[in-house]
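>>> fold the stuff below for me.
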Amino acid sequence: MTMSALGEPCVLLKLGEIVLKGKNRELFERRLIGNIRDALQPLGIKVDVRRRHGVIAIFLPQGATAEQAGAVAERVADVPGLVWIHRAWRVAKDPDSVLKAGLELAGESEEAKRGARFAVRSRRRDKRFPLRSNELDRLVGGAINDEYGLPVDLKNPELTVFIEVDRDEVFVFTDGIPGQGGLPVGSSGRALVLMSGGIDSPVAAYRMMRRGLHVDFLHFSGIPFTTSESIYKAYALVRKLDRFQGGSRLWVVPFGKAQQSIRTSGQDRLAVIAQRRLMLKTAEEVAHRIRAAALITGDALGQVSSQTLTNITAQDNAVELPILRPLVGWDKTEIMAEARRIGTLEISELPDEDCCSLLAPKRAETRAKIDDLKQIEKRLDAEELCVQLADSIQEYTL
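Below is the predicted model:
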């Protein structure tokens, strides 16, 4: 039995915009490493996460299999802050070991078996290594060409063997998984998402996670005038999104009676905007209690009649906290494509009895006046009502 030239399986992580953070870079990297460790904990694999110059290496315990390395790679691919995840092999730091590992790795690939065009890309982070990057490319590339007869194509290869010379070892790999990019969750603070059961708000939550916010979720249910279906959807969506950040929390507000009060206020065309303002006021009260610094919604300018610039301005006027709208310039096709990519679209499209169905005027107001909305809120005693609603929330533990 021939002994493999490949050393230990490991996972190599490439950073994105974190490398541009200058003096604050170390803070971002520490946060990212903490997120990686938290994400891997459920796998039950004892890993050693080490920070290197421009990369993070995850070393597995002795005797770990390539399948375990694959499971680690797939899990960390959901952690924001990484742009590429590579299942790599850690080999001894000498040219002969690197040559043998590169030959074996190329020979085992499906591309080599069908005679694919190939290239070797080396990077020498440790300048003490006796061969320069271009010399290492020629050494390993020439051996692959001689051994397997594969044609060299440096511009558009079908197979690429990557070699990275690090401080203590050399990493050899052939492929990678695209990461989420962005910033580590938690590096930008905490915010609260107004979470419907629709398509938009889960995507908005994900986009803000990528910008470093750790988000919690607040869902408004039509209970007692609707069923619990929308709560089940919101719960399923939060579970799906939790893989990007961990530690997600979902609160549900029984909003049906408050909606009934708005409906009987006599301002039919303003009912949707009045409801939205009351939701924002309630969310602001909850945000203060959990120390969230902003609210997040899935609004997209002009997507529905209530999302005109005038109405959005009227909503902003309801609260003092900033309202983040990451989808404001997106169209529905773009939002649906992103929802499909992150795995929330199928859940969002399930039927449910949304609380918004309780307030559906024949013709919605597109140019709501703030003074008219304040008059409605004065009759409802909205400031006291939002505190009562915040007191009534129920937490759903994942």
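
>>> could you say what helices and strands the helix or strand of the chain with the lowest mean pLDDT packs with?
Least confident helix or strand of the chain, by mean pLDDT, DSSP states H and E, is helix 256-263 with a mean of 86. In terms of contacts (3 or more CB pairs under 8 Å, 6 or more residues apart in numbering; DSSP states H and E), helix 256-263 is packed against helix 271-290, helix 370-380, helix 382-391. The C-beta positions use only the backbone N, C-alpha and C, and glycine is treated the same way.

>>> 10 Å instead, please
strand 213-221, helix 271-290, helix 370-380, helix 382-391 (3 or more CB pairs under 10 Å, 6 or more residues apart in numbering; DSSP states H and E).

>>> residue 76 against residue 13, yeah?
Yes - with contacts defined as CB atoms under 10 Å, residue 76 counts as touching residue 13 at a distance of 6.5 Å.

>>> intersection of neighbour lists for the two?
Counting by CB atoms under 10 Å, 6 or more residues apart in numbering, the contacts common to residue 76 and residue 13 are 32, 36, 49, 56, 58, 82, 85, 179.

>>> now, these that are in helices?
Those of the shared contacts of residue 76 and residue 13 mapping onto helices are 32, 36, per DSSP state H.

>>> I'd like the shared contacts of residue 76 and residue 13 as a markdown table, with neighbour count and distance to residue 394 appended.
Shown next, in a markdown table, are the shared contacts of residue 76 and residue 13 (neighbours: other CB atoms under 10 Å; distance: CB to CB, whole Å):
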| residue | neighbour count | distance to residue 394 |
| --- | --- | --- |
| 32 | 26 | 33 |
| 36 | 23 | 32 |
| 49 | 17 | 37 |
| 56 | 22 | 39 |
| 58 | 23 | 38 |
| 82 | 26 | 35 |
| 85 | 26 | 37 |
| 179 | 20 | 35 |
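
>>> got the shared contacts of residue 76 and residue 13 as JSON lines, with pLDDT and distance to residue 197 columns?
What follows is the shared contacts of residue 76 and residue 13, written out as JSON lines (pLDDT from 0 to 100; distance: CB to CB, whole Å):
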{"residue": "32", "pLDDT": "96", "distance to residue 197": "31"}
{"residue": "36", "pLDDT": "97", "distance to residue 197": "31"}
{"residue": "49", "pLDDT": "95", "distance to residue 197": "37"}
{"residue": "56", "pLDDT": "95", "distance to residue 197": "36"}
{"residue": "58", "pLDDT": "96", "distance to residue 197": "36"}
{"residue": "82", "pLDDT": "96", "distance to residue 197": "30"}
{"residue": "85", "pLDDT": "97", "distance to residue 197": "32"}
{"residue": "179", "pLDDT": "96", "distance to residue 197": "28"}
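
>>> picking up where we left off before, quick check: angle from the least confident helix or strand of the chain to helix 271-290?
140 degrees (axes from the mean of the first three to the mean of the last three CA atoms, to 10 degrees).

>>> strands of this protein, start to end?
All strands of the chain, identified by DSSP state E, fall at 8-15, 48-51, 55-59, 82-91, 118-124, 159-165, 170-173, 177-178, 189-194, 213-221, 250-254, 295-296, 323-324, 394-396.

>>> just name whatever secondary elements the longest one is in contact with.
Contacting strand 82-91 under the criterion 3+ CB pairs under 10 Å, 6+ apart are the following elements: strand 8-15, helix 25-40, strand 55-59, helix 66-76, helix 95-108, strand 159-165, strand 170-173, strand 177-178.

>>> now do the buried residues in the fifth one.
Using 16 or more other CB atoms under 10 Å as the test for burial, helix 95-108 gives 95, 97-106.

>>> out of the residues you listed, which is nearest to residue 391?
Taking CB to CB as the measure, residue 391 lies nearest residue 105 of those, at 60.6 Å.
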